[in-house]
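Novice: sharing a model that was predicted from the sequence below.
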Amino acid sequence: QVQLVESGGGMVQTGGSLRLSCAASGLTFSTYSMGWVRQAPGKEREVVAAVSSNGGWTYYPNSVKGRFALSRDNAKNTVNLQMNSLNPEDTAVYYCAAAGRPLYSFNYHLLGRYDNWGQGTQVTVSS
């Protein structure tokens, strides 16, 4: 049974930073592409970062590019999302997601590419 467990959410002021972590189990982690997806109140889910299975490629939408950085450790089955220069528009529930098929720049944003999801962690940015 695949399990993805997020941690590191919380409340931070505008301009602050948070680091989210996701611990994966029940899958051959090194063969999965990984992503972080967020959902703000009243909005659709949005992929904010994705990484290839070997960590060689990362993808970010323009909304977070230059502020968010995703990394993975295949030895520890973990993936981390460093979020800097946060603003209230980043307030959302953040989900860790695993994709059994490769992700590329043209499909990483498609929610249907992700097979497994964590329960989510709340990130709140106050102004």
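Specialist: Yes, it's here.
Novice: what residue lies at the spatial centre of this protein?
Specialist: Among the residues of the chain, the one closest to the centroid is Trp36, at 1.7 Å (CA atoms, centre = their mean).
Novice: that one bridge partners, please.
Specialist: Counting by DSSP bridges, Trp36 is bridged to Ala49, Cys96.
Novice: residues contacting it?
Specialist: For Trp36, the contacting residues are 20, 22, 47-50, 68, 70, 79, 81, 94-97, by CB atoms under 8 Å, 6 or more residues apart in numbering. For every residue, glycine as well, the C-beta is placed using N, CA and C.
Novice: check Val48 too.
Specialist: Going by CB under 8 Å, 6+ apart, Val48 touches Trp36, Val37, Arg38, Tyr60, Pro61, Ser63, Val64, Phe68, Leu81, Tyr94.
Novice: all strands for the protein, in order.
Specialist: Along the chain, the segments classed as strands by DSSP state E run 3-7, 10-13, 18-25, 33-39, 46-51, 58-59, 68-73, 78-83, 92-99, 116-117, 121-126.
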